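In: pasting a predicted model and its sequence here:
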Amino acid sequence: MALEIVLISPKYLKKETLFWNLSYALEETSKMWRQPIRSPSYPLALPLIASLIQKVKKDCNIQIIDENVHPIDFSNVKPDLVCITANTLQIERSFQIANEFREKTPEAKILLGGAHFGNSKDYEIIEIIKEALNYVDSIVIGESDNLWENIINDFERKKLEDTYTCDNIPQLDKLVLPCFDLLPLELYLFRNLQASRGCNRQCSFCTVNPNLRLKPADNVIEEIKHLRTIEHNKNIEHRSIFFSDNLLNPLNHSELNKAKELMEKLIKYKEKRYLQDKLTWDGQVDSKIGMKEFDELLNLMARSGAQRLLIGFENFYFYKDSEKISLSQMKKNFLNAVKKVREKGIDVIGSFMIGFDEEADSIFDETYDFINESGLVLAQITVLTPFPGTSDFRRFQNEKRLLKCSWNKYDCTNFVFSPLESINNKQIQYYKLLKKIYDDTNIEKRKRKRQEHMSSEAINLFSEELIIKSFQRVSDYLI
Ligand code: B12
């Protein structure tokens, strides 16, 4: 009998506080496209894992259920193996799902992995693993690409380990095409693709693997073609791509060349109009993108269909010491990065974080002023959140500053740790900042300011409006 495997992404129990849930955008595009659009993007881990499992186990039936677009029908799903992916906001729901499977199909084995467990089995996540092992049979820590042969073997021998850890970082040089055909692609707003994995900046708040690896450019093109072919076969129009991770954050010469090579191949792909694909994409970069050595890369990005780049400015005080430059010089550099990107016809989303120990009281005003001065129409402002597996989590745990609260509070709008100042004061100042930033009059002012660098013709104003209104909805809900 073929092995029945179900891969699950749990629903977010509380979506109202998530900036990137894009609730307004989902509603409006559903109306416009006359079909339901239920989630920003699919959980990429699941089609990838499906493909990795198929490589080591031919005789299996794999089903993907993303609970954010489709409920789980527990009475009809009879799996031998359940694999759940979870970030921290999905972890409580993943425990509920595991309980339900244990009740309805007690013979099924349950595996759990994803961002909640960080990248390595460090001592500070032991409690997190223990908590999860109350509900599931095995936890997978970090990237699973090289682990599936072991996992499936152990499963078949009925000898699953409590934990599996990625000791041998996957190099991503082999082509692995995610099983996009197992996803209801029509229900998602945009397409999440990885052209790289990891990030070598190693910020204290980030869970991303510290080893930056870029996929060979040809493989990225193959993945895009694979996705476009499936969209085409299912009669779904091509949707814009979001490149996850920091491929566009090259720190050395060889990485820069690889990023350029990818852009050149994307340009060729775009010119050939594969299945009429007009290719547009968004991605993430860091503020160094304004440096002269990245000029050519930016040109290539623009030509290859880049619409928007999210720049992680985070917090002026976070960089202050490591960059060893004055605050005013840093702000100048940041402004220069925004200007440079826009001058190539690519818009910028600014991402900011407040709540650092190092920050001065003036951080709220400084962030506000910077966003206005640079005319950042789209700005995401969150509260520092020490996710498990990050060095902030470790530090706050050691300093006994982590608050005892539900994992659902880790939505990046709450203080889940004690700041050095009064928590109430910080939280109120954060809300006040959101209110000012998402105020309509202020947004209009920033749009005018942006025109100093970029004409509005270059901007996809429709999708921008959808994002603005989605962010405003979160801010209204919070305040
Ligand atoms: C793309 C992305 C998004 C997209 C799409 C999200 C989606 N539906 O997947 C958007 C922009 C919508 C988004 C939103 C948010 N995101 Co996001 N996002 C990412 C990003 C950049 C890439 C995720 C991805 O596709 N990875 C590719 C897959 C292949 O990697 P993977 O999931 O890690 O899977 C591998 C392993 O973990 C393992 N694995 C995973 N699951 C399982 C399960 C089993 C059983 C096994 C065995 C193995 C396994 O195997 C896989 C292959 O090796 C990550 C950063 C990152 N690099 O991971 C942040 C990240 C996941 N996001 C994060 C956050 C906080 C959010 C938001 C809450 C932000 C906000 N305040 O709004 C929202 C959530 C709302 C929502 N609706 O999703 C955090 C989560 C941290 C945490 N511990 O919870 C991350 C890790 C970034 C960070 N700051 O550290 N996000």
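Out: Nice, I can see it.
In: count of neighbours near the closest residue to the ligand within the stretch 1-150 of the chain?
Out: Of all residues in the stretch 1-150 of the chain, Gly113 sits closest to the ligand, at 2.7 Å by C-beta to the nearest ligand atom. For the C-beta atoms, the positions are set from N, CA and C on the backbone; glycine is no exception. Counted with other C-beta atoms under 10 Å, the neighbours of Gly113 add up to 25.
In: show me what it is bridged to.
Out: Gly113 has the following beta-bridge partners by DSSP bridges: Thr85, Val140.
In: list the contacts for it?
Out: When contacts are counted by C-beta atoms under 8 Å, 6 or more residues apart in numbering, Gly113 is found next to Ala45, Cys83, Ile84, Thr85, Ala86, Ile139, Val140, Ile141, Ser144.
In: surely the third one and Phe95 touch.
Out: If I follow you right, that is Ile84. No. Under the criterion of C-beta atoms under 8 Å, Ile84 makes no contact with Phe95, lying 9.3 Å away.
In: rewinding a little: considering only the contacts of Gly113, which also neighbour the ligand?
Out: Filtering the contacts of Gly113 for proximity to the ligand (criterion: C-beta under 6 Å from any ligand atom) leaves Ala45, Cys83, Ile84, Thr85, Val140, Ser144.
In: could those residues be laid out in JSON lines, adding pLDDT?
Out: What follows is the ones next to the ligand among the contacts of Gly113, written out as JSON lines (pLDDT from 0 to 100):
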{"residue": "Ala45", "pLDDT": "98"}
{"residue": "Cys83", "pLDDT": "98"}
{"residue": "Ile84", "pLDDT": "98"}
{"residue": "Thr85", "pLDDT": "98"}
{"residue": "Val140", "pLDDT": "97"}
{"residue": "Ser144", "pLDDT": "97"}
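In: need the max-distance pair from these.
Out: With distances taken as C-beta to C-beta, the most widely separated pair in these is Ile84 and Ser144, at 12.4 Å.
In: those two: which is more packed in?
Out: For Ile84 versus Ser144, the count of surrounding residues by other C-beta under 10 Å is larger for Ile84: 28 against 23.
In: against Gly114, how distant is that one?
Out: Distance of Ile84 to Gly114, computed by C-beta to C-beta, to the nearest Å: 8 Å.
In: name the element the nearest residue to Ala360 once chain neighbours are set aside belongs to?
Out: Take Ala360 and drop its neighbours on the chain: the residue closest to it by C-beta to C-beta, 6 or more residues apart in numbering is Tyr317, 6.7 Å away. Applying DSSP states H and E as the criterion places Tyr317 in helix 316-323.
In: up against the ligand, what does the stretch 251-400 of the chain have?
Out: Residues of the stretch 251-400 of the chain lying close to the ligand by C-beta under 6 Å from any ligand atom are Thr382, Phe387.
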